[in-house]
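[1] Sequence first, predicted model second:
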Amino acid sequence: MQKPLPKPVSIVTGASRGIGRAIAAELARTHRVIATYKSNLEAARSMAAQTGADIVQCDVSSAADRAALMRHARERFESLDMLVNNAGIAPRNRRDVLEASEESFDELIATNLRGPHFLTALAARWMLERGRGRIVFITSISAYAASVNRAEYCISKAGLSMSAALYAQRLAAHGIQVFEIRPGIIRTDMTAPVEETYDARIAAGLLPQPRMGEADDVARVVRSIADGLLDYSTGQAIDVDGGFHLRSL
Ligand code: NAP
């Protein structure tokens, strides 16, 4: 009897909580998953117990941590099928663009842009050895919607959107697909402090589909990519935003 093929391997960054956790749980049904976290070991452990994922501490803004993550993955698995660049942060304090600090700018760029951009280079080099793979960038509606009280977040996500386009272009001929997912307002720890404000704005008509999104709404889109349902597409930005991006007159 033939041995069954080994399950595909995925890395999901920032998977201890929120959207990343939902993605790791979804992928773990069919993949072997390396799920990273930054500092919340308790949340990471509970995610691992829920999903069976392998947890690795990795501050994505640190080059040394990124290299260690890839070393760990290469030692443990023979190949990499999917990378989901999910880890990201909001500014510690929302401040007007005229007053915001360079420290916050640097922190957001290092975590939300430099980290995933260079982690992707490491992962892509590995995928190129086999000529196959899928890479997902979780950006945001903030890649194009200007929020003047968190400019550094918007700038980091706009840059990450270009990172996705660049890798899509570079890797397409080598069998590696790249997707950008732009979540809208998703119920997680990140949006908890402003949930009431968003609820009121949604009730007042902010979104064509009048509800906040859930982490699973994003995870299901990653599932469709992982299952190969979008195999003749690359560089696509997929809006998971209740129609926020639509214009009307
Ligand atoms: P969240 O609930 O705050 O979870 C953030 C996750 O990222 C946690 O697992 C956290 O690990 C990890 N993390 C934080 N800083 C990190 C770092 N420097 N290195 C590695 N991991 C780090 O956030 P979320 O709402 O799920 O957001 C996930 C992604 O979706 C982010 O990129 C965010 O910008 C994007 N997004 C969110 C929304 C939304 O409405 N929620 C909308 C659009 C886009 P610890 O648990 O260890 O802290």
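    Good, I have the coordinates.

[2] Quick one: name the residues of the protein near the ligand.
    Within the chain, the residues that sit near the ligand (Cβ under 6 Å from any ligand atom) are 13-20, 36-40, 43, 58-61, 86-89, 111, 138, 140, 183, 185-186, 188-191. Yep, even glycine has a C-beta here, placed from its N, CA and C like the rest.

[3] now the strands for this protein?
    Using DSSP state E, the strands of the chain run over 9-12, 32-37, 54-57, 82-85, 133-138, 176-183, 236-240.

[4] Turn these into CSV, including mean pLDDT and mean neighbour count.
    Formatted as CSV, these follow (pLDDT from 0 to 100; neighbours: other Cβ atoms under 10 Å):
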stretch, mean pLDDT, mean neighbour count
strand 9-12, 98, 28
strand 32-37, 98, 26
strand 54-57, 98, 18
strand 82-85, 99, 28
strand 133-138, 99, 26
strand 176-183, 99, 24
strand 236-240, 98, 17
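
[5] quick one, what contacts Met127?
    Shown in contact with Met127 (Cβ atoms under 8 Å, 6 or more residues apart in numbering): Ser79, Leu80, Asp81, Gly133, Ile135, Leu171, His174, Ile176.

[6] From the ligand, how far off is the fourth one?
    Plainly put, Gly133 is 20 Å away from the ligand if you go by Cβ to the nearest ligand atom, to the nearest Å.

[7] Skipping its backbone neighbours, what lies nearest that residue in space?
    Met127 (3.2 Å; Cβ to Cβ, 6 or more residues apart in numbering).

[8] And that neighbour, how far from Arg66?
    The gap separating Met127 from Arg66 is 15 Å, by Cβ to Cβ, to the nearest Å.

[9] And Leu83, by the same measure?
    Leu83 is 11 Å from Arg66, by Cβ to Cβ.

[10] Look up how far Arg130 lies from Asp31.
    I think there's a mix-up here, since residue 31 is His and not Asp. Relative to Arg130, and taking Cβ to Cβ, His31 is found at 16 Å.

[11] quick one: contacts for the residue sitting nearest the centre point of the chain?
    Nearest to the geometric centre of the chain sits Asn86, at 2.1 Å (Cα atoms, centre = their mean). By Cβ under 8 Å, 6+ apart, the contact list for Asn86 reads Val12, Thr13, Gly14, Ala15, Ile19, Gly20, Ile23, Val136, Ile138.

[12] neighbours around Ile202, how many?
    Counted with other Cβ atoms under 10 Å, the neighbours of Ile202 add up to 17.

[13] Confirm for me that it is in contact with Pro208.
    No: in this structure, Ile202 is not within contact of Pro208 by Cβ atoms under 8 Å, at 10.4 Å.

[14] Which member of the contacts of Asn86 is positioned nearest the ligand?
    Among those, Gly14 lies closest to the ligand (Cβ to the nearest ligand atom), at 2.7 Å.
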